[in-house]
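1. here is the input, now give the coordinates:
(one chain, ligands or ions: 1)
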Amino acid sequence: MSGRFLLAIDQGTSSSRTVIYDHAATVVSSAQQEFPQVYPEPGWVEHDPEAIWMSVQAVARQALAEAGATAADITGIGITNQRETTLIWDRKTGQCVHNAIVWQDRRTAAHCERLKSDGAESLVIEKTGLRLDPYFSATKIAWILDNVAGIRDRAVAGELAFGTVDSFLLWRLTGGRTHASDATNASRTLLFNIHTQEWDDELLELFDIPRQLLPDVLDSAAEFGESDDAMFGGVVPVLGMAGDQQAALIGQAGFEKGMTKSTYGTGCFVIANTGSDALRSDNKLLTTVASRIDGKVTYGLEGSVFVAGSAMQWLRDELRIIDSAPQSEDIAAATGIVDDVYVVPAFAGLGAPYWDPHARGAILGLSRGSGRDQIVTATLQAIAFQTRDLSNAMSDDGVTPSIIRVDGGMVGNDWFLQFLADILEIPVERPRNVESTVLGAASLAGLQSGVITSVSQIAELWERDALFEPAMTPERREHLLAGWADAVSRVGTDR
Ligand code: ADP
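-> Below you'll find the predicted structure:
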């Protein structure tokens, strides 16, 4: 092992980041750059692959410069990424044949509906743990094959490569020498059998996708290949890769069965570690590969809330009743818990466990005295209620979180975290390092290089910043949850 630092790349939906850590997981330098979103039609979301790639190179070089480091100082690279986003490129030139189709893109909704009405969903759920939804990669791949002239023939001839963003970055970093992905990213494509850990012929046939397109699937900590000499002025090995939510679970040291993390950014993503059991959800949660380390698969149960921190942006930018997201904390602290007004921020439908794409938001229970303070507080409360809906679903499916570790932009809000603990009836832990995703990527590279000797060492490096214990009376909680259930039932379309 050489070098004194680990370099982690976090290629997200709106920006790319690089953080350089020393071997004790302390941040040495970091850099971040946004890149443009492309919206060719309503419901479509694309990224220019070259914009992704340029931003990644820029932030990696900037972080290296700020650390005063060269390639020789870097022990290994870890990559974490926006998941499901789909790219297809030419194996000879490395050029993509179409923009990246982003996970949020809904253009393949009709394709998914068609497959569902053909009765394909149970097979898909059984093998992949996912649902037949445009969110995942398979129908996006099919769309490119069917809509870019000549591409299907070239795919069959083996001239093209498919990858999620991890795979694309690896290809570019290694100068086209490696076409690989990791099991967490593969588990989001709808083509990967999470039980056998292999690309699945029956699924490839269902979505009509030639196997020649697909990358090799490795563990999340593995020898993924070496960066091209020209990239950083020296060769650096890529040693870790994982999708962003799985990387966050690793960064939160969620290695034990039952350990749960919840990330509160734009949306909220909860994953519970279910150990070696791939639990099948009766509540429309997703079963996913949480990590694959030393060939051992750890499964997770995942649920998401579409609107979390973005509800604060809505209060700020649309209702214009707060100046900044952090102001919500002062308002809620001064107002106290609100038990008559309910805000249901179903701006883009309701996710698990409801999965009602047609639901829309509402503010309920207003009286003459209700004002800004109640609406702001009730909006924060709604995000906690939605997390409770997910944790109920998880318990019902067989994994009951006993503690929840939180990260993301919203967790600076202590009032929110106390209310969350009260509503979940379990302690909420905030780590000192709330950048769990990028830390998870670095940890994987550290593991593979031997800088970190075992996952228990990652657990030892995890430090708590604050613990929020439930303190609400059961009567009050029941009253609030009943009010929430009533409010949600009023916005649902299948009432
Ligand atoms: P993403 O990674 O999805 O871009 P971040 O993790 O950076 O998001 O979190 C940003 C989100 O957190 C924003 O939607 C913002 O409104 C919200 N946010 C930031 N600080 C606070 C706060 N103190 N209280 C409530 N929400 C906050």
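
2. A helix includes Pro36, no?
-> No - Pro36: not assigned to a helix; according to DSSP: H, G, I helix; E, B strand; the rest coil it is coil.

3. measure the nearest residue to it once chain neighbours are set aside to Gly78 for me?
-> Take Pro36 and drop its neighbours on the chain: the residue closest to it by CB to CB, 6 or more residues apart in numbering is Ala51, 6.1 Å away. The way it works is simple: take the backbone N, C-alpha and C, and place the C-beta from them, glycine included. Ala51 sits 22 Å away from Gly78, taking CB to CB, to the nearest Å as the criterion.

4. who's more crowded, the two?
-> Shown here are Ala51 and Gly78; by other CB atoms under 10 Å, Gly78 has more neighbours (33 against 18).

5. the more buried one pairs with what?
-> Note on Gly78: beta-bridge partners by DSSP bridges are Ala8, Gly240.

6. who touches it in this structure?
-> Contacts here follow CB atoms under 8 Å, 6 or more residues apart in numbering; on that basis Gly78 touches 6-9, 238-241, 440-446.

7. dihedrals phi and psi, Ala155?
-> Main-chain dihedrals, Ala155, degrees, to the nearest 10: phi -70, psi -40.

8. residues in contact with the residue of the stretch 51-200 of the chain found nearest the ligand?
-> In the stretch 51-200 of the chain, the residue that lies nearest the ligand is Gln82 (10.1 Å; CB to the nearest ligand atom). Residues in contact with Gln82, defined by CB under 8 Å, 6+ apart, are Gln11, Gly12, Thr13, Val102, Trp103, Val165, Asp244.

9. swap in 7 Å and give it another go.
-> By CB atoms under 7 Å, 6 or more residues apart in numbering, the contact list for Gln82 reads Gln11, Gly12, Thr13, Trp103, Val165, Asp244.

10. now do the phi/psi pair for it.
-> Torsion angles at Gln82 (phi, psi; degrees, to the nearest 10) stand at phi -60, psi 130.

11. need the nearest residue in space to it, chain neighbours excluded.
-> Thr13 (4.6 Å).

12. which of the three states applies to that neighbour?
-> Three-state call for Thr13 (three-state DSSP): coil.

13. and it, how far from Gln37?
-> Distance from Thr13 to Gln37, by CB to CB: 8 Å.

14. neighbours of Asp486, how many?
-> Using other CB under 10 Å, Asp486 has 12 neighbouring residues.

15. now swap in the one 4 residues further on and tell me
-> The local packing of Arg490 (other CB under 10 Å) involves 13 other residues.

16. and Ile293, by the same measure?
-> Using other CB under 10 Å, Ile293 has 22 neighbouring residues.

17. ditto for Gln212
-> Neighbours of Gln212 (other CB under 10 Å): 15.

18. check contacts around it.
-> Ala155, Val156, Gly158.

19. apply 8 Å and report the result again.
-> Contacts for Gln212 (CB under 8 Å, 6+ apart) come out as Ala155, Val156, Ala157, Gly158, Leu160.

20. any quick PyMOL command for the buried ones out of those residues?
-> Remark: buried members of the contacts of Gln212, expressed as a PyMOL selection using 16 or more other CB atoms under 10 Å:
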select buried, resi 155+160
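
21. so what pLDDT did the closest residue to the ligand within the chain get?
-> Nearest residue of the chain to the ligand: Gly409, at 1.9 Å (CB to the nearest ligand atom). The confidence metric pLDDT takes the value 88 at Gly409.

22. what residues does the strand or helix carrying Trp314 touch?
-> Using DSSP states H and E, Trp314 sits within helix 309-317. Helix 309-317 is contacted from outside by 264-267, 307, 321-325, 328, 343, 345, 347, 375-376, 379, 382-383, 408-410, using CB under 8 Å, 6+ apart.

23. for ChimeraX, what selects the buried ones among the residues you listed?
-> In ChimeraX, a selection of the buried entries from these looks like this (16+ other CB under 10 Å):
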select :264,265,266,267,307,321,322,325,328,343,345,375,376,379,382,383,408,409,410
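
24. among the contacts of helix 309-317, which ones are in helices?
-> Mapping the contacts of helix 309-317 onto helices (DSSP state H) picks out Ser328, Ile375, Val376, Thr379, Ala382, Ile383.

25. doesn't Ser328 make contact with the fourth one?
-> Yes - counting by CB atoms under 8 Å, Thr379 does reach Ser328; the two are 7.4 Å apart.

26. show me which residues of the chain sit near the ligand.
-> Contacts of the chain with the ligand, taken as CB under 6 Å from any ligand atom, map to 14, 265-266, 309-310, 312-313, 325-326, 328-329, 408-410, 412-413.

27. okay, and the beta partners of Leu286?
-> Under DSSP bridges, the beta-bridge partners of Leu286 are Glu302.

28. re the thing from before, can you add pLDDT and distance to Gln197 and give the contacts of Gln212 back as CSV?
-> Listed next are those as CSV, based on pLDDT from 0 to 100; distance: CB to CB, whole Å:
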residue, pLDDT, distance to Gln197
Ala155, 97, 23
Val156, 97, 25
Ala157, 97, 27
Gly158, 96, 23
Leu160, 98, 24
